[in-house]
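Chemist: dropping a prediction and its sequence here:
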Amino acid sequence: MKRDELTAAYLKKAEVRFRALSFYRDHEAYSDVVREAQEMVELLLKAVLRAIGAEVPKLHDVGRVLEKHRAMLPLVLNESLPEIKKISKRLRKERELSFYGAEDFIPTEEYDLEDASLAMRDPNSCSAR
């Protein structure tokens, strides 16, 4: 696995977002926890793709790309891939709603502590591997 400057930058950006999650949660900005968790997972998974030498697509959910390169993943990630894909897909679905909302979906009213807690567990599930 390689680690170049861009891969390192992705990991640093993910670390900053990880630290921000507690701030947002503590200030009851639950929709922001969801959004930042999604970005963190996306950055972590794109760092993995770069590290294995795979092309990084301009997509927010790279689960299928990871699956395509499964044989190149470290064993611990390979074993966790179904869960990682599930997390990435779920957070991707929340990406726009948690940030922009919709006429019938106000993010600051729709997301709660339970949503934030789930979103905070997701990056840990992806990064602790």
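Modeler: Now that the structure is in, tell me what you want to look at. Residues are numbered from 1 along each chain as shown.
Chemist: now do the contacts for residue 92.
Modeler: Residues near residue 92 by Cβ atoms under 8 Å, 6 or more residues apart in numbering: 38, 42, 60-61. To be clear about C-beta, it is placed using only N, CA and C from the backbone, and glycine gets the same treatment.
Chemist: who wins on neighbours among those residues?
Modeler: Counting neighbours by other Cβ atoms under 10 Å, residue 38 comes out on top of the contacts of residue 92 with 27 neighbours.
Chemist: and that residue, that's in a helix?
Modeler: Yes. The assignment for residue 38 (DSSP: H, G, I helix; E, B strand; the rest coil) places it in a helix.
Chemist: I'd say it and residue 89 touch.
Modeler: No. Contact criterion Cβ atoms under 8 Å: residue 38 and residue 89 do not qualify, at 10.6 Å.
Chemist: okay, and the residue nearest the centre of the chain sits in which element?
Modeler: Geometric centre of the chain, nearest residue: residue 41, 1.6 Å, by Cα atoms, centre = their mean. Per DSSP states H and E: residue 41 is located in helix 30-51.
Chemist: which strands and helices sit next to that helix?
Modeler: helix 5-26, helix 63-68, helix 75-99, helix 107-110, helix 113-127 (3 or more Cβ pairs under 8 Å, 6 or more residues apart in numbering; DSSP states H and E).
Chemist: now the weakest link among those helices, please, by mean pLDDT.
Modeler: The stretch with the lowest mean pLDDT among those is helix 113-127, at a mean of 80.
Chemist: what is the burial count for the nearest residue to residue 44 once chain neighbours are set aside?
Modeler: Spatial nearest neighbour of residue 44, excluding adjacent residues (Cβ to Cβ, 6 or more residues apart in numbering): residue 14 at 5.0 Å. Around residue 14 sit 22 other residues, with neighbours defined as other Cβ under 10 Å.
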